[in-house]
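S.K.: How does the following fold in three dimensions:
(chains A and B)
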Amino acid sequence: MSRYFTEDHEWIQVDGEVATVGITDYAQSQLGDIVFVETPEAGKTVSKGDDAAVVESVKAASDVYAPVAGTVIEGNAALADNPALVNEDPEGEGWFFKLTLADAGEVSSLMDEAAYKDFVSKL
Amino acid sequence: MSDHQIEDGEETLELQQLPLDSWHRARGGRMVPFAGYEMPVQYEGIMAEHLWTRDHAGLFDVSHMGQLLFSGPQVDAQLETLLPGDIKGLGEGRMRYSLLLAENGGIHDDLMVTRLPGGNGFETEAGDLYMVVNGACKWDDIGVFRELLPDEVGISHLDEQALLALQGPEAVNALERIVPGVASLVVMTAAAFEWNGNPLWVSRSGYTGEDGFEISLPGEAAEAFAEALCAQPEVKPIGLGARDSLRLEAGLPLYGHDLDLETTPVAADLGFALSKRRREEGGFPGHARIIAEREGAAIVKRVGLIVEGRQPVREGAAVVDADGTEVGKVTSGGFAPSVQKPIAMAYVPVALAAPGTRITLAQRGKVHHAEVVPMPFVPHRYVRKGN
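M.R.: Below is the predicted model of the structure:
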């Protein structure tokens, strides 16, 4: 299993053809208290860079993009009742959605953890 | 991930620093541009800071606001030519919410005006008037006052003064401990005090709906005073983010969002700021229009909304009719930490303004349902009897 990151602060964990997507700890700390998350419906197909989910903090609404193309398997139902999970465990229990990859090779264009850390340290 | 809304107050040239700038940074404040200054939007988090203020006491730095002194012969009557409130009837140490009106009855700014007693610490005379105006409007306001008031009226901008607000049910305990005597003030009164040799002008007022105080003091004393307040167990520093969510729950409008030159006192539901004598006598900008609106000619009204579901509906969302035609606008909105629901203020046609009316909202292609409710969303807890 490998984890990749985008410059828009999404993470994607790949396990075979299935991937889990969420926002990074840096992203949640910038957003602050998260009060609402809208995750995509199962079956929705997304291209890389499409709006896939919405996350709202007390202060602002933000779009979460699909890091790669694929078909949504499920959204994280736990976030409907407890959006604060994204603050508490952004890179674990606070995941947004799972999808089957359209092209398993597409993740290779994303950053690995070390590259993302370096990217964030320069912001 | 990308933001739909940027932080309040767009990037401006040459942001200025306020007296507590380094103190905020040392306390972990996240600084953002606001009203031309760098100001703390939050410390530990908006939600926690909001709830702390409702339960204990929050210290807000509002030194960006404009503090003005008006002096001269009949200064009260002169100000009444621009404000619709009863300024002549304001006793020493009493304060009033008022509006700086434009010629057509639109609103230049909303403000607090206080009649000063002698020995007020500002080195100005008894009977002079102290005014606090919005930070983003202060330069324009000064221009309007200077242009429209006669030269005999002296206007001083107290730009060396800091302004702090201590808000919440435990504010009185904390402040009384270091400034004995403040507990004797009641809401909308003010008096001079002293702390460590520094003059303080303290009013029992605020912008959260809670009991609390606003304290004007020399900028050079602000850091030591803020430190002394935050050493009290009831007090934590609170950022602008929670200030916004607290005032929204309290049903208090924010200039530049819920009020502007296109809104009038009646449409904004600020009829209480029009005193009976002034309504009858007139003599303020927009009098004829404002009275006509008060007698039924108003087309829209500012109302409170509770939004169904959990998703916030924010400033800029449309109020729509059954056909999807825009008939009004949301001017403030967000998730309310104490109410635990999304709430909003909106201008709606008067036919839709009664509490209980169901309203449809549209935001980024999505429809939301809301109900008109009386404001405030959280009851005010002002102290009307001193100890």
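S.K.: Please tell me how far B:Leu15 sits from chain A.
M.R.: B:Leu15 sits 19 Å away from chain A, going by Cβ to the nearest Cβ, to the nearest Å. No exception for glycine: its C-beta is placed from N, CA and C like everyone else's.
S.K.: Ok, B:Pro117 next?
M.R.: As for B:Pro117, its distance to chain A is 41 Å (criterion: Cβ to the nearest Cβ).
S.K.: show me what contacts the nearest residue to B:Pro374 once chain neighbours are set aside?
M.R.: Residue nearest to B:Pro374 in three dimensions, not counting chain neighbours: B:Pro355, with 5.1 Å by Cβ to Cβ, 6 or more residues apart in numbering or on different chains. B:Pro355 makes contact with B:Val372, B:Val373, B:Pro374, according to Cβ atoms under 8 Å, 6 or more residues apart in numbering or on different chains.
S.K.: Among the residues you listed, name the ones in strands.
M.R.: B:Val372, B:Val373 (DSSP state E).
S.K.: Can you pull the poorly scored residue ranges out of chain A?
M.R.: A:1 (pLDDT under 70).
S.K.: Helices of that one, residue ranges please.
M.R.: Shown for chain A, the helices assigned by DSSP state H span residues A:25-31, A:78-81, A:85-88, A:113-121.
S.K.: residues from the stretch 201-350 of chain B in reach of chain A?
M.R.: B:Gly241, B:Ser245, B:Arg310, B:Gln311, B:Pro312, B:Arg314, B:Gly334, B:Phe335, B:Pro337, B:Pro342 (Cβ under 8 Å from any Cβ of the partner chain).
S.K.: quick revisit: if I look at the residue nearest to B:Pro374, how far off is B:Arg364?
M.R.: In this view, B:Pro355 and B:Arg364 are 27 Å apart by Cβ to Cβ, to the nearest Å.
S.K.: and what of B:Leu148?
M.R.: B:Leu148 sits 42 Å away from B:Arg364, taking Cβ to Cβ as the criterion.
S.K.: Just want the residue of the stretch 151-300 of chain B that's nearest chain A.
M.R.: Closest contact between the stretch 151-300 of chain B and chain A, by Cβ to the nearest Cβ, is at B:Gly241 (5.8 Å).
S.K.: does that residue sit in a helix, a strand or a coil?
M.R.: helix (DSSP: H, G, I helix; E, B strand; the rest coil).
S.K.: wait, what's in contact with it?
M.R.: Contacts here follow Cβ under 8 Å, 6+ apart; on that basis B:Gly241 touches A:Gly32, A:Val58, A:Lys59, B:Val41, B:Gln42, B:Ile46, B:Glu49.
S.K.: Does the last one fall in a helix, a strand, or a coil region?
M.R.: If I follow you right, that is B:Glu49. B:Glu49 is classified as helix under three-state DSSP.
S.K.: Just give the nearest non-adjacent residue to it, would you?
M.R.: Closest residue in space to B:Glu49, ignoring its immediate chain neighbours: B:Ala242 at 4.0 Å, by Cβ to Cβ, 6+ apart.
S.K.: Can you say which of the contacts of B:Pro355 are buried?
M.R.: B:Val372, B:Val373 (16 or more other Cβ atoms under 10 Å in any protein chain shown).
S.K.: okay, the contacts of B:Pro355 in CSV with pLDDT next?
M.R.: Shown next, in CSV, are those (pLDDT from 0 to 100):
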residue, pLDDT
B:Val372, 98
B:Val373, 98
B:Pro374, 98
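S.K.: show me what contacts the closest residue to A:Ala53 other than its chain neighbours?
M.R.: Leaving aside its chain neighbours, A:Ala53 sits nearest to A:Val64 (4.0 Å; criterion: Cβ to Cβ, 6+ apart). The contact partners of A:Val64, by Cβ under 8 Å, 6+ apart, come to A:Glu10, A:Val21, A:Ile23, A:Asp51, A:Ala52, A:Ala53, A:Val54, A:Val55, A:Phe96, B:Met1.
S.K.: hang on, the earlier thing: test for you: state the pLDDT assigned to the residue nearest to B:Pro374.
M.R.: Looking at B:Pro355, its pLDDT stands at 98.
S.K.: returning to what we had before: closest to B:His257 among the contacts of B:Gly241?
M.R.: Ranked by distance to B:His257 (Cβ to Cβ), the contacts of B:Gly241 are led by A:Lys59 at 14.0 Å.
S.K.: Count the neighbours of that closest one for me.
M.R.: Using other Cβ atoms under 10 Å in any protein chain shown, A:Lys59 is surrounded by 27 other residues.
S.K.: isn't it right next to A:Gly32, touching?
M.R.: Yes: counting by Cβ atoms under 8 Å, A:Gly32 is a contact partner of A:Lys59 at 5.9 Å.
S.K.: which residues are common contacts for these two?
M.R.: Shared contacts of A:Lys59 and A:Gly32 (Cβ under 8 Å, 6+ apart): B:Ile46, B:Gly241.
S.K.: circling back: now the residues of the stretch 201-350 of chain B next to chain A as TSV including secondary structure and pLDDT?
M.R.: Below are those laid out as TSV (DSSP: H, G, I helix; E, B strand; the rest coil; pLDDT from 0 to 100):
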residue	secondary structure	pLDDT
B:Gly241	helix	96
B:Ser245	helix	98
B:Arg310	coil	95
B:Gln311	coil	97
B:Pro312	coil	97
B:Arg314	coil	97
B:Gly334	strand	97
B:Phe335	strand	97
B:Pro337	coil	97
B:Pro342	strand	98
